[in-house]
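# sequence first, then the predicted structure:
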Amino acid sequence: MVKIVNIEKRSEAEKAGIKKGDCLVSINGNIIEDAIDFNFLCADEPLELILESKNGPYKAKFRSSGSNGIEVEELKIKHCGNNCIFCFINQNPKGMRKTIYVKDEDYRFSFLYGNYFTLTKITQKELDRIVRMRLSPLYISVHAINDEVRKKLLGVKKDDKLLEKMKYLTGNGIELHTQIVLCPGLNDGKVLEETVTILRKFHPMVRSVAVVPVGLTGHRENLPAIEPVSKELAEQTVKLISKFNKKYKKEIDTNFVFAADEFYLRSGAEFPDEEYYEDYLQYEDGVGMVRNFIERFKESIDLIPDRITKESSVTIVTGALFYPVMKDIVVPEMKKVKNLTVKLIKADNKLFGSSVTVAGLLGGADIISAVGIAKCEKDMLLIPSTCLNYDGRFLDDLSIDDLAKKTGYKVHLLENPVEIFEKI
């Protein structure tokens, strides 16, 4: 059953006598397990619902035009049963938002939000449900096709039949995007080549592969030893993926496998042009964010004024990895503006440790420590939008208001630095 958490006033559901707190048992004879079922089955008209109230079961039947007025409880997340040796959640420090410590292994969240999951624990019933409800695309963490390597990486003892599950899904029309977290000495080199080559055989239903470097924090006590991705390995990986792309572009007219931005930043290799990223298929996995940022900034340079009327000061803060991009691309253009003082600060990550250099993992306290106290109440602080979640909270649970109170800056969260001129 699924609990109803709200009924819209004057809706067809309210007219049918359905109340908040009642539980949905079935729709048109189909048992309801969660909100996915509810949304899927409500597409049929008319609706015949079996519900359970504190006074017992009852039936409601109606036809809705548009919204039926029923809001059901959110999905209860399925937790991960793996013990991945590189799991970032196992490396989290204490004192962050509670949701940061949740290990997600849920195909429904993969479909809804693009979350990656491994397929290790999925049942045939769940696979059948994915196919029946056309939950596509899904995002699959592969890491390695080699069974022994995959078991070591995921911390599982048995073969989870990954390829059989992928064959079932892709053979039934479910599109997959995949990722490989690259762990030096484990799934790089020949293992990586094998993994990508086999995934290529599933194209076009396996639409893309993202290769991302393992993330290592300063909180790996009692965890397996893993080396960080070196400059040399980053160079090798970029070259290998480039070789794959030249071949696949000719064969299937797609690059298919994409290296995360960190590989280019660590190796010093030049970023590919925008066409390479093919509509940014793996954007949320850190693939193409830098190129997209650069292109959007260049497109908006004409919006940067020659001068502003009042003297103003803008401090831009970012992580160590993205600092060179801001320094070379953004700051020179903004410094051309008369009456504007621009300062760029590289914030060290004390929350996770110095080995974590991406801006999106900076805590609010990291930024406070980096920028200090504003010299003037009009001083503006520009921070990366990737630092905050949808609720406007940093990883250490601070908010923008907390940042402003502790530093004295007027804090702005912007996608493109050019937007700051709308605030001045």
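The structure has been received and is ready for your questions.
# what residue of this protein is the furthest out?
residue 55 (43.4 Å; Cα atoms, centre = their mean).
# domain ranges for this protein?
Domain ranges of the chain: 2-72, 89-295, 304-422, per automatic domain parsing.
# how long is the second one end to end?
Going back to what we said before, that points to domain 89-295. End-to-end distance of domain 89-295 (Cα to Cα, to the nearest Å): 33 Å.
# the stretch 301-424 of the chain: strands as residue ranges?
307-318, 338-346, 380-384, 410-414 (DSSP state E, counting those that start in this stretch).
# pretty sure residue 163 contacts residue 147?
No. If you go by Cβ atoms under 8 Å, residue 163 and residue 147 don't touch, sitting 9.4 Å apart. Just so you know, the C-beta spots here come from the backbone N, C-alpha and C atoms, and that holds for glycine as well.
# who's more crowded, the two?
residue 163 (17 against 14; other Cβ atoms under 10 Å).
# now do the host helix or strand of the more buried one: which elements does it pack against?
If you go by DSSP states H and E, residue 163 is part of helix 162-171. With contacts taken as 3 or more Cβ pairs under 8 Å, 6 or more residues apart in numbering; DSSP states H and E, helix 162-171 sits against helix 124-133, strand 176-182.
# what's the longest one in contact with?
Right, helix 124-133. Contacting residues not belonging to helix 124-133 are listed as 36, 40, 107, 111, 135-136, 138, 165, 168-169, 172-174 [Cβ atoms under 8 Å, 6 or more residues apart in numbering].
# rerun that using 7 Å as the cut-off
36, 40, 107, 165, 168, 169, 172, 174 (Cβ atoms under 7 Å, 6 or more residues apart in numbering).
# so which of those is the closest to residue 383?
Checking the contacts of helix 124-133 against residue 383 with Cβ to Cβ, the nearest one is residue 107 at 33.9 Å.
# quick one: contacts for that closest one?
Shown in contact with residue 107 (Cβ under 7 Å, 6+ apart): 117, 122, 126, 130, 135, 138.
# any stretches of this structure with poor pLDDT?
Scanning the chain for pLDDT under 70 picks out no residues.
# so where's the longest helix in it?
In the chain, taking DSSP state H as the definition, the longest helix is helix 231-252.
# all helices of the stretch 251-400 of the chain, in order?
261-267, 289-299, 323-325, 331-334, 364-371, 400-407 (DSSP state H, counting those that start in this stretch).
# for residue 382, see how far away the residue lying closest to residue 318 once chain neighbours are set aside is.
Closest residue to residue 318 apart from its sequence neighbours, by Cβ to Cβ, 6 or more residues apart in numbering: residue 359 at 4.8 Å. According to Cβ to Cβ, to the nearest Å, residue 359 stands 12 Å off from residue 382.
# how far does stretch 133-149 stretch from start to finish?
Note: stretch 133-149 ends 33 Å apart using Cα to Cα.
# buried residues in stretch 108-128, which are they?
Within stretch 108-128, the residues that count as buried by 16 or more other Cβ atoms under 10 Å are 108-111, 115-120, 122, 126-127.
# do stretch 255-274 as well
Neighbour-count burial for stretch 255-274 [16+ other Cβ under 10 Å]: 255-267, 269, 272.
# now do stretch 17-28: distance to the chain's middle.
33 Å (Cα atoms, centre = their mean, to the nearest Å).
# quick check: closest non-adjacent residue to the residue nearest the centre of the chain.
The residue lying closest to the centre of the chain (Cα atoms, centre = their mean) is residue 284, at 4.4 Å. Among residues not flanking residue 284 along the chain, residue 114 sits closest, at 5.4 Å (Cβ to Cβ, 6+ apart).
# pretty sure that neighbour contacts residue 282?
No. If you go by Cβ atoms under 7 Å, residue 114 and residue 282 don't touch, sitting 9.5 Å apart.
# quick one, what contacts residue 327?
residue 344.
# likewise for the one 4 residues further on?
By Cβ under 7 Å, 6+ apart, the residues touching residue 331 are 342, 344.
# roughly how far does it sit from residue 417?
According to Cβ to Cβ, residue 331 stands 9 Å off from residue 417.
# mind putting the helices of the stretch 251-400 of the chain in a markdown table, distance to residue 74 included?
Listed next are the helices of the stretch 251-400 of the chain as a markdown table, based on distance: least, Cβ to Cβ, whole Å:
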| stretch | distance to residue 74 |
| --- | --- |
| helix 261-267 | 32 |
| helix 289-299 | 28 |
| helix 323-325 | 37 |
| helix 331-334 | 42 |
| helix 364-371 | 26 |
| helix 400-407 | 25 |
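# nearest to residue 238, of the ones you listed?
It is, among the helices of the stretch 251-400 of the chain and with distance given as Cβ to Cβ, helix 261-267, at 5.2 Å.
# now do that closest one: everything it contacts.
So helix 261-267 is contacted by 213, 229, 231, 234-235, 237-238, 271, 286-287, 289-290, 321 (Cβ under 7 Å, 6+ apart).
# rerun that using 6 Å as the cut-off
For helix 261-267, the external contacting residues (Cβ atoms under 6 Å, 6 or more residues apart in numbering) are 213, 231, 234, 235, 237, 238, 271, 286, 289, 290, 321.
# same question for stretch 12-26.
With contact meaning Cβ under 6 Å, 6+ apart, stretch 12-26 is reached by 1-4, 6-7, 32, 50-53, 60, 62, 64, 68-70.
# quickly list what residue 79 is bridged to.
Judged by DSSP bridges, the bridge partners of residue 79 are residue 104.
# before we move on, the earlier item: of the contacts of residue 107, closest to residue 406?
Nearest to residue 406 among these, with distances taken as Cβ to Cβ, is residue 117, at 37.6 Å.
# roughly how far apart are the closest one and residue 290?
Residue 117 sits 26 Å away from residue 290, taking Cβ to Cβ as the criterion.
# same question for stretch 400-415: list its buried residues.
400, 402, 403, 407, 408, 409, 410, 411, 412, 413.
# and the furthest pair within these?
Greatest spacing in the buried residues of stretch 400-415, by Cβ to Cβ: 408 and 413 (17.0 Å).
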